[in-house]
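1. below is the sequence, then the predicted model.
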Amino acid sequence: MYPAAFRYHRARTLEEAAAILAEVGDEARPLAGGQSLIPLMKLRFARPALLVDLNWIPKLSDVEARDGTIRIGALARHAQLVESEMLHPITILHDCAAGIADAQVRSRGSIGGSLAEADPSGDWAPVLLTLSAEIGIQGTRGQRTIPLAHFYKDAYTTALQKGELVREVVVRIPARRSGGAYIAFKRSASVYASASAAVQITMADRGTCEQAHIYLGCVGLVPVHAVAAENELRGREVTKERIRAAAEAAMEAAAPQSDMRGSAAYKKVLVSSLVKRAVEAAHRRSRGEQVEVTHEYVGRI
Amino acid sequence: MNTSVGSERVHIRVTVNGQLHEREVEARQLLVDLLRETLELTGTHIGCDTSYCGACTVLLNGEPVKSCTMFAFQADGAAIMTVEGLSQDGNMHPLQTAFTQCHALQCGYCTPGFLMSSYALLSKNPRPTNDAIRKALAGNTCRCTGYQNIFKAVAAATESLGAPRQ
């Protein structure tokens, strides 16, 4: 299956790419890892007249630690992030990166491309939202940084304006007593998850939960912020009963659609189970325990 | 649109199995078609053509990629390794030998992809656990053997490559 013919431009800087995308408009698309765009082009669901290649822009895939934050360049590949030692302090990022699709897709797919695609089943958004990440945006008139929570407007729709591109993701390194976990359940490696749960909790000295962030993937047009589930944990001890209550609250917050990945009722039950397990893992990690969680699928375990 | 931006053809230099090729390719040409149609390396197969099955897996600078989900121009300046690059001096690579001995293929259509994913795994992790083997091959689909013999073959190749397994 060949994509429709298009013109190709290799951008040398992000500023140049932004300027061209602004000038050409909707007929131009940026090319990052291409793992969503190229299949769409092969099916001719996408027929850009011009591809602006971001892959030759220096430093766009760099990861650096600065002032208590980790700054991840938009073109950082999932596989690169699995290996990155700089990400080790933030376990939930590893949970996510290590399980996205399969090894081949992780070699090419990028974090910035994934965020900008804004697929409701994308893995990075719920994970980064639990970390209150910010997203650095390059436009034709300079750069701006906004909370990731303001980035998602609708399915496949972001706050990016004409000519704007994701430049980087900025994540603050969590406090010492903080732990996070991301668990996504999918039918096989190469497909999007049926449902996912991202949890980051920070414990206070006296053993109560000081802060809780819970986001759900695949069960809404944008990542679902499970506020009521967070409230079941915040300010309390993380007991089995509290975890069960949080899981039930998360299930109520989920608004999934029935599709080939499962019925809406099934996905709601799945959310409850995933949140329960993610809170348990996050809680144990907040105490310094080593717990391995990631995406799960038939055949994986 | 501004038709002065970009071009429909791209000049690329790509090393495939150690041999440098310079070509002027159509921008929309996929890497798998450059390999199969232009360079006549038909060992790399197109299975699903939708980025699912992994039959088209090749190594790009040592990383496994689906060559049906990359444009040829994305390999510019890179080193590609295909299944044709596995054997040396007419001798099969230990992975290929293990696949034949463990009956890790039946129709064989998916095998080039499995071999390249396995090769990528062993390059980085010469002593993979069974779990690591399964995870590394999760992006490859086989409709004949049921996978168990493929996992066995990779484990067997690990042993014949001289690395004791964990």
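-> Okay, I see it.
2. domain map for the chain?
-> All of this is about chain A. A:7-52, A:63-172, A:178-297 (automatic domain parsing).
3. let's do chain B instead
-> B:9-85, B:94-160.
4. make TSV out of the ones you listed and add distance to chain A.
-> Any C-beta I mention is one placed from the backbone N, CA and C, and that applies to glycine too. As requested, these are arranged in TSV below (distance: least, C-beta to the nearest C-beta, whole Å):
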stretch	distance to chain A
domain B:9-85	4
domain B:94-160	2
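5. what's the closest of these to residue A:47?
-> Among these, the nearest to residue A:47 by C-beta to C-beta is domain B:9-85 (10.6 Å).
6. residue A:168 looks like it's in a strand, true?
-> Yes: assessed with DSSP: H, G, I helix; E, B strand; the rest coil, residue A:168 lies in a strand.
7. contact partners for it?
-> A:71, A:72, A:73, A:74, A:112, A:135, A:136 (C-beta atoms under 8 Å, 6 or more residues apart in numbering or on different chains).
8. just the buried residues out of the residues you listed, in ChimeraX syntax.
-> If you want just the buried ones from the contacts of residue A:168 in ChimeraX, going by 16 or more other C-beta atoms under 10 Å in any protein chain shown, the selection is:
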select /A:71,72,73,74,112,135,136
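9. just how off-centre is stretch A:21-38 within its chain?
-> Its chain's C-alpha centre and that of stretch A:21-38 lie 20 Å apart, by C-alpha atoms, centre = their mean, to the nearest Å.
10. stretch B:63-71 too?
-> 8 Å.
11. is the spatially most central residue of chain B bridged to anything, and to what?
-> In chain B, the C-alpha nearest the mean C-alpha coordinate belongs to residue B:58, at 2.5 Å (C-alpha atoms, centre = their mean). Residue B:58 has these beta-bridge partners by DSSP bridges: residue B:65.
12. on that earlier part again, looking at the domains of chain A, which is closest to residue B:18?
-> domain A:63-172 (20.6 Å).
13. show the end-to-end separation of that closest one, please.
-> 13 Å (C-alpha to C-alpha, to the nearest Å).
14. got the contact list for the strand or helix carrying residue B:113?
-> Element membership of residue B:113 [criterion: DSSP states H and E] is helix B:111-124. Helix B:111-124 is contacted from outside by A:103-104, B:43-45, B:47, B:53-59, B:62-64, B:81-83, B:86, B:93, B:95-96, B:99, B:104-105, B:128, B:132-133, B:136-137, B:139-140, B:142, B:150, B:153-154, B:157-158, B:161, using C-beta under 8 Å, 6+ apart.
15. stretch A:146-156 now?
-> Counting by C-beta under 8 Å, 6+ apart, residues outside stretch A:146-156 touching it are A:115, A:117-120, A:125, A:128-129, A:132-135, A:137, A:158-159, A:169, A:221-223, A:225.
16. average pLDDT for that stretch?
-> Mean pLDDT, computed over stretch A:146-156, is 98.
17. return the distance of it from the chain's centre.
-> Using C-alpha atoms, centre = their mean, the offset of stretch A:146-156 from its chain centre is 11 Å.
18. point to the residue nearest the middle of chain A.
-> residue A:124 (0.9 Å).
19. who's in contact with that residue?
-> So residue A:124 contacts A:96, A:111, A:114, A:115 (C-beta under 8 Å, 6+ apart).
20. also residue B:60?
-> With contact set as C-beta under 8 Å, 6+ apart, residue B:60 has these partners: A:107, B:70, B:75, B:78, B:79, B:80.
21. redo those as CSV? Include pLDDT and distance to residue A:35.
-> Listed next are the contacts of residue B:60 as CSV, based on pLDDT from 0 to 100; distance: C-beta to C-beta, whole Å:
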residue, pLDDT, distance to residue A:35
A:107, 98, 9
B:70, 98, 9
B:75, 98, 15
B:78, 98, 17
B:79, 98, 21
B:80, 98, 18
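22. check which helix or strand covers residue 22.
-> Chain wasn't specified; assuming chain A. Applying DSSP H and E, one finds residue A:22 within helix A:14-24.
23. hmm, I had chain B in mind actually
-> strand B:19-26.
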